[in-house]
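What follows is a predicted protein model with its sequence.
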Amino acid sequence: MLVDDHPQRAAMVEQTLETCGFNVVSVLASASGLLFQIQQHAPHVVMIDIESPDRDILESLSLINQHNPTPVVMFSNEDDPGFIHQAINAGVSAYMMEDINPEKVKPVIDVAIAQFEMFQTLRRQLNDSQQALDDRNIIDKAKQLLMKHQKISESDAYKNIRTLAMNNSQTIAEVSRNVIAILDKGKLEL
């Protein structure tokens, strides 16, 4: 998807992209309705070259980044470090402080896609690590509650949780959450 407020430049860039093997699914003259357009067309990459990008564009990009992450290349003459930082935080994968140069478009897209994929991998790894840590804390809390309520060792508490998980086809973390919910209400009898 190409967002460019200069129709002649947009036509040249679109032609260059198609020559490079890209399929331009939509060309927009403004960022108005960007979120809707991205949802409608589900582009693999969004290129933005707007004379004066504003906070609304960044808000739309931030929402896209949260709900449907997509590589974004932004061309802008805006050299304010604060704006650049906000653009990157909103999900811009490559920020170019120049106008679109049709000959340089493909390498810039390739870099944006590579950076986007690397960031998504890091995001998944961070989420997985956070989930593992959260699960570990839940399991530890459940073990502590079982140890206290049943006067058993930590090893026996873990065995009880593991047995419940296997018997109920649940993960140890799921069983631990149930144990905590029940024991905090004082209703568990194992």
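Arrived safely, thanks for sending.

For the rest of this, base every contact and every neighbour count on C-alpha atoms.
Will do.

Moving along the chain from whatever helix or strand residue 125 lives in, name the first helix or strand you hit.
If you go by DSSP states H and E, residue 125 is part of helix 105-150. Downstream of helix 105-150, the first helix or strand assigned by DSSP H and E is helix 154-167.

and that following helix, how far from the chain's centre?
For helix 154-167, the separation from the chain centroid amounts to 35 Å (computed by C-alpha atoms, centre = their mean, to the nearest Å).

which residue packs closest to residue 146, ignoring adjacent ones?
Residue nearest to residue 146 in three dimensions, not counting chain neighbours: residue 157, with 5.8 Å by C-alpha to C-alpha, 6 or more residues apart in numbering.

Please name the residues that touch that neighbour.
Contacts for residue 157 (C-alpha atoms under 8 Å, 6 or more residues apart in numbering) come out as 143-144, 146-147.

Distance from the helix holding residue 125 to the middle of the chain?
Centre-to-centre, helix 105-150 and its host chain are 12 Å apart (C-alpha atoms, centre = their mean).

What mean pLDDT does that helix get?
Helix 105-150 carries an average pLDDT of 94.

and the direction of that helix versus that of helix 154-167, what angle?
Angle of helix 105-150 versus helix 154-167, following axes from the mean of the first three to the mean of the last three C-alpha atoms, to 10 degrees, is 120 degrees.

what packs against helix 105-150?
With contacts taken as 3 or more C-alpha pairs under 8 Å, 6 or more residues apart in numbering; DSSP states H and E, helix 105-150 sits against helix 7-19, strand 72-75, strand 94-96, helix 154-167, helix 172-184.

if you set the cut-off to 7 Å instead, what comes out?
If contacts are counted by 3 or more C-alpha pairs under 7 Å, 6 or more residues apart in numbering; DSSP states H and E, helix 105-150 sits against strand 72-75, helix 154-167, helix 172-184.

Now render the ones you listed as CSV, adding distance to residue 52 and mean pLDDT.
Listed next are the helices and strands packed on helix 105-150 as CSV, based on distance: least, C-alpha to C-alpha, whole Å; pLDDT from 0 to 100:
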stretch, distance to residue 52, mean pLDDT
strand 72-75, 10, 91
helix 154-167, 56, 95
helix 172-184, 49, 93
